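got a predicted structure plus its sequence, pasted below:
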Amino acid sequence: MNQIPVQNITPKPPKKNAAENFDLYAKREHIYVKHYTGFFKKFRQLSSLIMLVMFFGFSWLSWDGRQAVLFDLPNRQFHVFGMTFWPQDFMLLSWLLIILAFALFFFTVFAGRLWCGYACPQFVWTWIYIWIEKFAEGDRNQRMRVDKQPWTTEKFLRKSLKHFLWLAFSIATAVAFVGYFSPVRELIPDILSWNLGPWETWWLGFFTVATYGNAGWLREQVCIYMCPYARFQSVMFDQDTLIISYDEKRGETRGKRKKEADYKAQGLGDCIDCGNCVHVCPVGIDIRDGLQYECVACGACIDACDDIMDRMGYPRGLVRYTTEHQLEGKTTHIFRPRLIGYFAVLCAMFIAFGYTLFNRVPLELDILRDRGQLFVETPSGKIENVYTLKMANKEQNDHRYTISVSGLDGLELIGPSEVTISAGELLDLPLRLDLDRRYLESANTKIHFTVTAVNAPDISITEESRFIGPAPAR
């Protein structure tokens, strides 16, 4: 072919400094995304496939006879492969969220909205629903033509197939999600026999409707109007951030031309104004208008433009990942202090979190003193303090523990020195400590309780408390 077909685009250069009026209450225009191929699409499909395998597959894995990843809310246990977390471990979740926030900052400073374009669940599901729409109704031009036609049997069947597949995938998503909170091997038979509890029924219905609405109907509206990241991302950009941009110096002035024509002699740039970069964009923007907060950095416009450049025999890169400095002909500094600082902090946080996580003791110990009576003087002349030890076995195996106390010479433990705690059990153990008055060093002395597993000495925890007595005689 000597000419690339141009669809619904009038060739003209962009307006400069022109006032534009926007209706804030304008009706939403449906975006018909065109099918395309390219490097960034393959990369996004690979990242999406990894996420889908993890989401749908992790709940089916087994670990030591139980579901590998299970958030057991009724028993307040959160199993993640070989580790079990309890509500007392929620501080670790806070740390993890802070680390992920810093990771988001780092990648945004480095290359913009990489998370949105390649890993955000909203957009992964949106692309799946767009693919289902193409499968049921055809590519962009065919969908536009069918939507303008009156209802026919074929149109009804195609629309019905699309919505059936959308709904089926929404149900599968809801089942997979609820399967992380209710054992999935029990959940599916309960669904088939309609033997569900009220909360399972509610959440299955809620996530089915939410997935169907967000990925099927709202799509880019979630990213543009509901996601806060679209609003604050720009404060993390600088002139050395890698962003998807249109090379205006090379592309202008736009216009149609024959492939063999000397377009430069006609005063034209490399952009043939085919509109493909707009037609493949899932949020419906024109990248040639400059960087816009709606852009999710999926790379679709790069793939579409590179395909046209190849067909025209022009160099690739009219639309590409670049920086503002590079577009202005200046030197780009990818490894700059800001980025290095984020990376250093992120590495330090990852190391600290990993150390804390893998050196975590699966044993909880809280010591409560009897506040009703600070101390008691026994007839034998000893000073007695009463304590309650709250011990939680945070493993999936029963353990026998030894209890010892230190900090004062002559301190005697009155009560069991060994206890057995079942897996996941919280035990309240009352104890007394006796001390001969002659060993009392002060009215308030620091002591330490140590609890150690008999068959696993590495499971040991020590907590501080106080021994109260009368002021020693001078």
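Okay, I see it.

drop to CA atoms for contacts and neighbour counts, all remaining ones
OK.

so where do the strands sit in the stretch 1-150 of the chain?
62-63, 66-67, 69-72, 77-80, 83-85 (DSSP state E, counting those that start in this stretch).

by contact count, what packs against the last one?
Read it as strand 83-85. When contacts are defined as 3 or more C-alpha pairs under 8 Å, 6 or more residues apart in numbering; DSSP states H and E, strand 83-85 sits against strand 77-80.

related to what we said a few turns ago, for Leu46, find the nearest of the strands of the stretch 1-150 of the chain.
strand 69-72 (23.2 Å; C-alpha to C-alpha).

for the closest one, name the packing helices and strands.
Packed next to strand 69-72, using 3+ C-alpha pairs under 8 Å, 6+ apart, are strand 77-80.

which neighbours in the sheet does the strand it packs on have, and how are they oriented?
strand 69-72 (antiparallel), strand 83-85 (antiparallel) (DSSP bridges).

how about that strand: buried residues?
Gln77, Phe78, His79 (16 or more other C-alpha atoms under 10 Å).

tell me the mean pLDDT for that strand?
Mean per-residue pLDDT for strand 77-80: 91.

can you check stretch 108-126 too?
If you average the pLDDT over stretch 108-126, you get 92.

now the end-to-end length of it.
In stretch 108-126, first residue to last residue: 22 Å (C-alpha to C-alpha, to the nearest Å).

try stretch 292-311
28 Å.

buried residues in it?
Buried residues in stretch 292-311 (16+ other C-alpha under 10 Å): 293-309.

how far does it sit from the chain's center?
In terms of C-alpha atoms, centre = their mean, to the nearest Å, the centre of stretch 292-311 is set 25 Å apart from its chain centre.

give me the neighbour count for Ser465.
Using other C-alpha atoms under 10 Å, Ser465 is surrounded by 18 other residues.

about what we covered before: so which of the buried residues of strand 77-80 comes closest to Arg66?
Nearest to Arg66, judged by C-alpha to C-alpha, of the buried residues of strand 77-80 is His79 at 9.0 Å.

tell me who's in contact with that closest one.
Neighbouring residues of His79 by C-alpha atoms under 8 Å, 6 or more residues apart in numbering: Gln67, Ala68, Val69, Leu70, Phe71, Asp72, Phe85.

just name the closest of the residues you listed to Arg28, please.
Checking the contacts of His79 against Arg28 with C-alpha to C-alpha, the nearest one is Phe71 at 39.3 Å.

need the helix or strand of this structure with the lowest average pLDDT.
Ranking every helix and strand in the chain by mean pLDDT, DSSP states H and E puts helix 229-232 at the bottom, with a mean of 82.

which other helices and strands contact that helix?
The contact analysis (3+ C-alpha pairs under 8 Å, 6+ apart) places helix 229-232 against no helix or strand.

next secondary structure after that helix?
strand 243-246 (DSSP states H and E).

tell me which element Cys301 falls in.
Using DSSP H and E, Cys301 maps to helix 300-312.

now do that helix, average pLDDT.
On average, the pLDDT along helix 300-312 is 96.

please renumber so the chain begins at 54
Fine by me, first position is 54 from now on; the one you just mentioned is helix 353-365.

sorry, back to before: among the contacts of His132, which two are most distant?
Gln120 and Phe138 (14.2 Å).

out of the two, which sits in the more crowded spot?
Gln120 (22 against 18).

ok, back up a step: other residues contacting the least confident helix or strand of the chain?
Contact with helix 282-285 is made by Cys276, Ile277, Tyr346, Glu347, as judged by C-alpha under 8 Å, 6+ apart.

what is the nearest of those to Asp451?
Nearest member of the contacts of helix 282-285 to Asp451, counting by C-alpha to C-alpha, is Cys276, at 48.2 Å.

distance-wise, check the closest residue to the closest one other than its chain neighbours relative to Tyr346.
Once flanking residues are discounted, Cys276 sits nearest to Ala283: 6.8 Å by C-alpha to C-alpha, 6 or more residues apart in numbering. As judged by C-alpha to C-alpha, Ala283 and Tyr346 stand 6 Å apart.

which residues do those two both contact?
What both Ala283 and Tyr346 touch, as defined by C-alpha under 8 Å, 6+ apart, is the set Ile277.

so Thr503 makes contact with Val458?
Yes. In this structure, Thr503 is within contact of Val458 by C-alpha atoms under 8 Å, at 6.1 Å.

neighbour count winner among the two?
Legend: neighbour count by other C-alpha under 10 Å for Thr503 and Val458, higher for Val458 (19 against 16).

domain map for this structure?
According to automatic domain parsing, the chain comprises the domains 92-138+173-271, 416-521.

and Thr294, which of the ones you listed is closest to it?
Of all these, the one in closest proximity to Thr294, counting by C-alpha to C-alpha, is domain 92-138+173-271 (18.3 Å).

any idea how far apart the tips of the closest one sit?
So domain 92-138+173-271: terminal residues 27 Å apart, C-alpha to C-alpha.

what about that domain, distance to the chain center?
Per C-alpha atoms, centre = their mean, the centroid offset for domain 92-138+173-271 relative to its chain is 16 Å.

before we move on, what SS does Thr503 have?
Following DSSP: H, G, I helix; E, B strand; the rest coil, the label given to Thr503 is strand.

if you could redo that for Asp487, that was the one I meant.
Asp487 ends up strand, using three-state DSSP.

and it, bridged to which residues?
What pairs with Asp487, by the bridge criterion (DSSP bridges), is Glu437, Glu465.

how far away is it from Pro127?
40 Å.

which of those two has more neighbours?
More neighbours surround Asp487 than the other of Asp487 and Pro127, with 21 against 8 (other C-alpha under 10 Å).

show me which helix runs longest in the chain.
When the chain is parsed with DSSP state H, its longest helix is helix 206-231.

Phe155 is in contact with Ala401, isn't it?
No. Contact criterion C-alpha under 8 Å: Phe155 and Ala401 do not qualify, at 11.2 Å.

in JSON lines: the strands of the stretch 54-203 of the chain, plus distance to Glu494.
Below are these laid out as JSON lines (distance: least, C-alpha to C-alpha, whole Å):
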{"stretch": "strand 115-116", "distance to Glu494": "52"}
{"stretch": "strand 119-120", "distance to Glu494": "52"}
{"stretch": "strand 122-125", "distance to Glu494": "48"}
{"stretch": "strand 130-133", "distance to Glu494": "43"}
{"stretch": "strand 136-138", "distance to Glu494": "40"}
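
nearest residue to Leu464 in space, please, no chain neighbours.
Leu488 (5.0 Å).

go on, Cys351?
Gly170 is the one closest to Cys351 (C-alpha to C-alpha, 6+ apart), at 4.0 Å.

can I assume the one you found is in contact with Ala350?
Yes. Judged on C-alpha under 8 Å, Gly170 makes contact with Ala350 at a distance of 5.0 Å.

how about low-confidence regions in the chain?
For the chain, the stretches flagged by pLDDT under 70 are 54-79, 526-527.
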